[in-house]
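K.L.:
sequence plus the predicted model coming up.
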Amino acid sequence: MAACTSQHALISVKPPRASASFGSDRRAGNVRFVSATSCCPGSRKLGLVCASNSQSSVIEPAKLPSSPESGSTPKKSSEAALILIRHGESLWNEKNLFTGCVDVPLTPKGVNEAIEAGKRICNIPVDVIYTSSLIRAQMTAMLAMMQHRRKKVPIIVHKESERAHQWSQVYSEETKKQSIPVITAWQLNERMYGELQGLNKQETADLFGKDQVHEWRRSYDIPPPNGESLEMCAERAVSYFKEQIIPQLVSGKHVMIAAHGNSLRSIIMHLDKLTSQEVISLELSTGIPMLYIFKEGKFIRRGSPAGPSEAGVYAYTKYMHNYNQKLKQL
Ligand SMILES: O=C(O)[C@@H](CO)OP(=O)(O)O
């Protein structure tokens, strides 16, 4: 397989729509319209920390290839898994409140969703985890990884201060090998909902009108009062994805991202080349993992793994097949 030498080429590829599917989502034209009940058994809708340098606080994430301008090339041609997962139900999802960047934990149902999500991906390799800086995404990432067959320990990389960095060093190479770095990044946070944060969604629709509220919630470029539009959210989330996460995939690392409805909508919009009209209909359920295979510089959408016994998932790449075979021997 040819090595990818240009990051620009990687991010401008058109995902092969024909080969992609998300559970049993319906399509209308080019758009994946995902109904509230159609995607996966048990789901309502389609169901998806900062990078350290070589002096990393806990474990070293993959050595990132330098920018294309630097002339360095990725260490190997890549074929890697990318799992996207929106956090499980939060206490404010349950209360139907606009949440945005307010840092609210999961409900017991959200905890269960994260555990179930973890079971669905428990045989898929994960080398590095990215989450937002918000607890609901971090809880989801941790709970999901605790189900993984490989039983590596997810460890949050702390870089908020030199001391946090130094004091969280791990001094055993063997222990590092049995760990997965969890990189938190505010750029993956939920879209900032401005003056809607904390308001009840139904009451807000009653007050301002259903159409106005739908425009604030789902349009691409219309921000809620003093908040971020999806376009503004994409500026930070997709930039981070391109600058920090794609290089990991290029280097052959398998990545999981646990984030939010809208930060993930912006990333999926980028991966699937959705238009600003198409993205209006893209809905993500809480706690449903979605799999892409990154291969030869392209993202191939593989839908939501139904469970570890779904044989087809492991046929996606030779590596995943072999990995699954090895897990069976554990
Ligand atoms: O309240 C929020 O932060 C988001 C996600 O829960 O809501 P919406 O469904 O409007 O994107």
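P.N.:
Right, received. Where do you want to start?

K.L.:
can you show me the helices along the protein?
P.N.:
Under the criterion DSSP state H, the chain contains helices at 7-11, 91-94, 108-120, 135-145, 162-167, 173-177, 201-208, 210-218, 230-240, 246-250, 261-271, 311-314, 318-328.

K.L.:
least confident of these, on average?
P.N.:
Comparing mean pLDDT across those, the weakest is helix 7-11, with a mean of 27.

K.L.:
the chain against the ligand: which residues are in contact?
P.N.:
93, 98-100, 190, 193, 217, 261-262 (C-beta under 6 Å from any ligand atom). The C-beta positions use only the backbone N, C-alpha and C, and glycine is treated the same way.

K.L.:
now distance to residue 271 and neighbour count too, for those residues, in CSV please.
P.N.:
Shown next, in CSV, are the residues of the chain next to the ligand (distance: C-beta to C-beta, whole Å; neighbours: other C-beta atoms under 10 Å):
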residue, distance to residue 271, neighbour count
93, 24, 20
98, 26, 22
99, 24, 23
100, 23, 23
190, 18, 29
193, 24, 24
217, 21, 20
261, 16, 20
262, 15, 26
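
K.L.:
what's near enough to touch the one residue in the stretch 101-250 of the chain that gets nearest to the ligand?
P.N.:
Residue nearest to the ligand within the stretch 101-250 of the chain: residue 217 (3.9 Å; C-beta to the nearest ligand atom). Going by C-beta atoms under 8 Å, 6 or more residues apart in numbering, residue 217 touches 201, 224.

K.L.:
how close does whichever residue of the stretch 1-150 of the chain sits closest to the ligand get to residue 159?
P.N.:
At 3.6 Å from the ligand, residue 99 is the closest residue in the stretch 1-150 of the chain, using C-beta to the nearest ligand atom. Distance, residue 99 to residue 159, by C-beta to C-beta, to the nearest Å: 26 Å.

K.L.:
what pLDDT does the model give the residue nearest to residue 274 when sequence neighbours are not counted?
P.N.:
Leaving out its chain neighbours, the residue that sits closest to residue 274 by C-beta to C-beta, 6 or more residues apart in numbering is residue 282, at 6.6 Å. With respect to pLDDT, residue 282 scores 95.

K.L.:
format the helices of the chain as TSV; extra columns: distance to residue 296.
P.N.:
Listed next are the helices of the chain as TSV, based on distance: least, C-beta to C-beta, whole Å:
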stretch	distance to residue 296
helix 7-11	10
helix 91-94	38
helix 108-120	26
helix 135-145	28
helix 162-167	36
helix 173-177	28
helix 201-208	42
helix 210-218	33
helix 230-240	21
helix 246-250	11
helix 261-271	15
helix 311-314	19
helix 318-328	14
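
K.L.:
give me the contacts around stretch 192-202.
P.N.:
The contact list for stretch 192-202, computed with C-beta under 8 Å, 6+ apart, reads 95-102, 204, 213, 216-217, 223-228, 233.

K.L.:
which residues does residue 216 contact?
P.N.:
Residue 216 sits next to 196, 222-224, 227 when contact means C-beta under 8 Å, 6+ apart.

K.L.:
could you flag which of the residues you listed are buried?
P.N.:
196, 223-224, 227 (16 or more other C-beta atoms under 10 Å).

K.L.:
next, count neighbours for residue 107.
P.N.:
By the measure other C-beta atoms under 10 Å, the count of residues near residue 107 is 19.

K.L.:
where's it relative to residue 202, distance?
P.N.:
According to C-beta to C-beta, residue 107 stands 18 Å off from residue 202.

K.L.:
number of residues surrounding the spatially closest residue to residue 280 that is not a sequence neighbour?
P.N.:
Nearest residue to residue 280, sequence neighbours excluded (C-beta to C-beta, 6+ apart): residue 218, at 4.9 Å. Around residue 218 sit 16 other residues, with neighbours defined as other C-beta under 10 Å.

K.L.:
residue 211 now?
P.N.:
For residue 211, the neighbour count with other C-beta under 10 Å is 9.

K.L.:
gap between it and residue 156?
P.N.:
41 Å.

K.L.:
kindly report the same for residue 275.
P.N.:
Shown here: residue 275 relative to residue 156, a distance of 36 Å by C-beta to C-beta.

K.L.:
those two: who's more crowded?
P.N.:
residue 156 (17 against 11).

K.L.:
that one bridge partners, please.
P.N.:
When assigned by DSSP bridges, residue 156 has beta-bridge partners residue 182.

K.L.:
ramachandran coordinates for the closest residue to residue 327 other than its chain neighbours?
P.N.:
In space, and not counting its chain neighbours, residue 327 is closest to residue 149: 4.6 Å by C-beta to C-beta, 6+ apart. The phi/psi pair for residue 149 (degrees, to the nearest 10) reads phi -60, psi -30.
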